[in-house]
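Student: Let's see this in three dimensions:
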Amino acid sequence: MSCSASPSRIVSLHRRFRAVVDLGELCRERMIPIKPCARTILAFSIAFASSSLASAAHADDSTAAAASASTAQSSSASASNLALGIPGGPNPDNGLPIWGFLVYPSFFIGAIYNSNLFLTNSNEVAGVGIQFAPNITAIDDQGIHKTTLSLSADVTGYPAASRSSANTQANAQSPNNVTGTVSLDHIWKPTADITVDATAGFTRQNGIFGTLAAAGSSFVSTNGNSGSAFQLGNAASQQTSNQVSAALSVEKVINDRWFVRGGVGGQDIEYEPLPFSGSSLSTNSLNGQEYNAFLRSGYWITPQVNGFIEVGGSWWRYQDDWYNSNTYHVIGGLSSDLIGLFRGEIYGGVQRQVSPNGTFAAVNAPDFGGRITYYPTRFITLAASLDQSFGSAAVQSITPIYGSASGDTLQARFQANYAAAQYWSVSAIAGWAKTTWTNTPLVENAWTFGGTVSYNYWRNIALTLNYQYTATTANRTYVNVYAENLVSAGLTYHY
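Tutor: Below you'll find the model as predicted:
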């Protein structure tokens, strides 16, 4: 009989152990007399040890073998996460088994207030509607193969909204909308030194930041620079876009110090028409495809930190070839999966954008950024990212910006999660973006900030309050800027 424990049992044992430790800390903080406190801790310890041995002793051989294989595949960061109390992913104990997947569903439903339904800079129209925001993750981890499916969506409807009430924006986009992301990620490790990662996804987004509900837990990207991080072409855009993407990367560990990673990807973007003073400006000419490739070589300077150099490029092809562009970059940086209480990546380099048709002169710009996650305590997670890169071509004014395929956008994002109490949790987000062009004095800015407060009052159901503010500005009057407040309140269900 094997006494090996599955990953879910390890998490369960860790929780029980933390309960004993936390009880001791509570006694010390409340200055409870030592003898009663010691007796209570001793009773908890005996119960913990008994249940732990019983759980391990009843693990059958097949479960033990699977646990052994899973342990062999796990990284040193996973072990560090467990020791530090850092959440490393969904808890297997809370998953719903469906067709070999462990599914982690949740959704929010409630009322929403919007201070500017039609995103106008004057004659703003407010309204109250209904919001439904599902968030689903499904994982099938078999060691050599791991598949992750995810869905984050924001479905809003304002029954009383009337386009005619928007006055000069009679053809404004309907505030009734569905935005969000669906993605597939499959990781294959045929050998210990080779990792193949295939991803695919669909994103429907309004503006550069989207909504808090549609972003889910990924407002700040924790992925490293992949050679061509997609972003909309200008900060003040309120266009709704539909993006389909796919990518494939392969990493080879050469020895205990060196590794090399390469990848290719592509995406298709379709913009929906923009409203301007009673007429709709067609954006079909800006629909197109982007293809990208990168090659990265890295060296582990220490067991926790690696340095890398990366070269790559992206090639945009639009229905109107006037906007076609080729962009190339060379960057170098440092990356760590976990060093102390930090994980993340910083990089810097140069990028160059050229027109294959000679439409505009070559543009050089810095290419820098990074993303860092910090775990100061078991209850707090802080994440931040900074990126500067050329985005896709986009029209935000009545007169398209000819002579430049896309703007250079710098954006920063921040996210914080706090869950110290058993029933309360708080999260906050903030973002800023700025877009400039080389051939026009136009400068666009966008800001967003907001947060969520949740109180778990009964089993898996929580009372939830959300707020998000978004505003855009520009130094030219032909850009339609706006400010918007979103407030929603309702119930969140977690399986």
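
Student: As a check, name the ranges of all helices in this protein.
Tutor: 7-30, 34-57, 61-73, 76-84, 212-215 (DSSP state H).

Student: Out of these, which gets the lowest mean score?
Tutor: Mean pLDDT is lowest for helix 61-73 among these, at a mean of 31.

Student: and the nearest residue to T211 once chain neighbours are set aside, what is it in contact with?
Tutor: Closest residue in space to T211, ignoring its immediate chain neighbours: D154 at 4.9 Å, by CB to CB, 6 or more residues apart in numbering. C-betas here are computed from N, CA, C, even on glycine. By CB atoms under 8 Å, 6 or more residues apart in numbering, the contact set of D154 is 131, 133, 177-180, 210-211, 213-214.

Student: cool, L334 as well?
Tutor: 301, 305-308, 345-347.

Student: how about 7 Å then?
Tutor: If you count contacts by CB atoms under 7 Å, 6 or more residues apart in numbering, L334 has them with 305, 307, 346.

Student: how close does the first one sit to K252?
Tutor: Per CB to CB, to the nearest Å, V305 is found 20 Å from K252.

Student: Next one: the residue nearest to V426 when sequence neighbours are not counted from F379, what distance?
Tutor: Distances taken as CB to CB, 6+ apart put Y418 closest to V426, at 4.7 Å, once the chain neighbours are dropped. To F379, Y418 is 6 Å away according to CB to CB.

Student: again, but for P190
Tutor: 39 Å.

Student: out of those two, which sits in the more crowded spot?
Tutor: In this view P190 and F379 are compared by other CB atoms under 10 Å, and F379 has more residues nearby, 13 against 10.

Student: Give me the nearest residue to G349, chain neighbours excluded.
Tutor: Using CB to CB, 6+ apart, the nearest residue to G349 is I331, at 3.3 Å.

Student: What number of residues are in the vicinity of Y418?
Tutor: Based on other CB under 10 Å, the number of other residues close to Y418 is 15.

Student: typo on my end, it should be L286
Tutor: For L286, using other CB under 10 Å, the count is 24.

Student: One more: L463?
Tutor: When neighbours are counted by other CB under 10 Å, L463 comes out with 16.

Student: Bridged to it, which residues?
Tutor: Assessed by DSSP bridges, L463 has beta-bridge partners Y455, L491.

Student: how close does it sit to L486?
Tutor: From L463 to L486 the distance is 18 Å (CB to CB).

Student: repeat for F342
Tutor: 32 Å.

Student: Who are the contact partners of F219?
Tutor: Contacts of F219 by CB under 7 Å, 6+ apart are 413, 415, 429.

Student: quick one: the residue nearest to G349 from A153, how far?
Tutor: 33 Å.

Student: again with Y113
Tutor: Counting by CB to CB, the gap from Y113 to A153 is 20 Å.

Student: Ok, I372 next?
Tutor: I372 is 28 Å from A153, where distance means CB to CB.

Student: out of the two, which sits in the more crowded spot?
Tutor: A153 (20 against 17).

Student: Nearest residue to the more buried one in space, please, no chain neighbours.
Tutor: G180 (3.2 Å).

Student: so how many other residues sit close to the one you found?
Tutor: Neighbour tally, G180, other CB under 10 Å: 22.

Student: And it, how close does it get to I136?
Tutor: 11 Å.

Student: same thing with S122?
Tutor: For S122, the distance to I136 - CB to CB - is 40 Å.

Student: Same question for V426.
Tutor: Distance from V426 to I136, by CB to CB: 23 Å.

Student: Check S174 too.
Tutor: S174 is 26 Å from I136, by CB to CB.

Student: of those two, who's got more company?
Tutor: Set S174 next to I136 and count neighbours by other CB under 10 Å: I136 wins out with 17 against 11.

Student: beta partners for the more buried one?
Tutor: P105, L151.

Student: Tell me which residues touch it, please.
Tutor: 103, 105, 150-151.

Student: Please indicate which of the residues you listed are buried?
Tutor: 103, 105, 150-151 (16 or more other CB atoms under 10 Å).

Student: which regions of the stretch 201-350 of the chain lie under the pLDDT threshold?
Tutor: In the predicted model of the stretch 201-350 of the chain, residues 214-218, 221-238, 273-285 satisfy pLDDT under 70.

Student: Repeat the analysis, applying 90 as the threshold.
Tutor: 205-241, 269-288, 303-304, 316, 318-325, 337-343 (pLDDT under 90).

Student: That one: strands as residue ranges?
Tutor: For the stretch 201-350 of the chain, the strands defined by DSSP state E, counting those that start in this stretch cover 240-253, 258-271, 274-276, 279-281, 288-300, 306-318, 325-339, 342-354.

Student: Is it possible to get CSV of the ones you listed that adds distance to H494?
Tutor: As requested, those are exported to CSV (distance: least, CB to CB, whole Å):
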stretch, distance to H494
strand 240-253, 28
strand 258-271, 32
strand 274-276, 38
strand 279-281, 41
strand 288-300, 36
strand 306-318, 36
strand 325-339, 27
strand 342-354, 25
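
Student: Who are the contact partners of A362?
Tutor: Per CB under 7 Å, 6+ apart, neighbours of A362: 352-354.

Student: ok, and the most crowded of those?
Tutor: Neighbour max across the contacts of A362 (other CB under 10 Å) = Q353, 24 neighbours.

Student: Please report how far that one lies from G312.
Tutor: 13 Å.

Student: so G450 makes contact with L465?
Tutor: No - in this structure, G450 is not within contact of L465 by CB atoms under 7 Å, at 10.8 Å.

Student: does the residue nearest to V426 have beta-bridge partners, and which?
Tutor: I380, V426.

Student: mind listing what it touches?
Tutor: Y418 touches 379-380, 425-426, counting by CB under 7 Å, 6+ apart.

Student: and those as TSV, adding pLDDT and distance to W322?
Tutor: Shown next, in TSV, are the contacts of Y418 (pLDDT from 0 to 100; distance: CB to CB, whole Å):
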residue	pLDDT	distance to W322
F379	88	53
I380	91	49
S425	91	49
V426	93	48
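
Student: Among the residues you listed, filter down to the buried ones and hand me the PyMOL syntax, if you would.
Tutor: Remark: buried members of these, expressed as a PyMOL selection using 16+ other CB under 10 Å:
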select buried, resi 425
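
Student: so can I have TSV of the contacts of Y418 showing distance to D141?
Tutor: What follows is the contacts of Y418, written out as TSV (distance: CB to CB, whole Å):
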residue	distance to D141
F379	26
I380	27
S425	26
V426	30
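
Student: ok, so of the contacts of Y418, who is nearest R261?
Tutor: Nearest to R261 among those is I380, at 31.3 Å by CB to CB.

Student: The closest one and T436, how far apart?
Tutor: For I380 relative to T436 (CB to CB), the value is 35 Å.

Student: do F107 as well
Tutor: 40 Å.

Student: With L334 instead?
Tutor: 28 Å.

Student: before we move on, what about N287?
Tutor: 24 Å.

Student: and what of S385?
Tutor: For S385, the distance to T436 - CB to CB - is 20 Å.

Student: Compare the two (neighbour count), which wins?
Tutor: S385 (23 against 16).

Student: how about the nearest residue to that one, chain neighbours excluded?
Tutor: Nearest non-adjacent residue to S385 (CB to CB, 6+ apart): R371, at 4.0 Å.

Student: and if you look at A474?
Tutor: Closest to A474 by CB to CB, 6+ apart is E444, at 4.8 Å.

Student: So what's the residue count around that neighbour?
Tutor: E444: 26 neighbours (other CB under 10 Å).

Student: Good, we can wrap up now.
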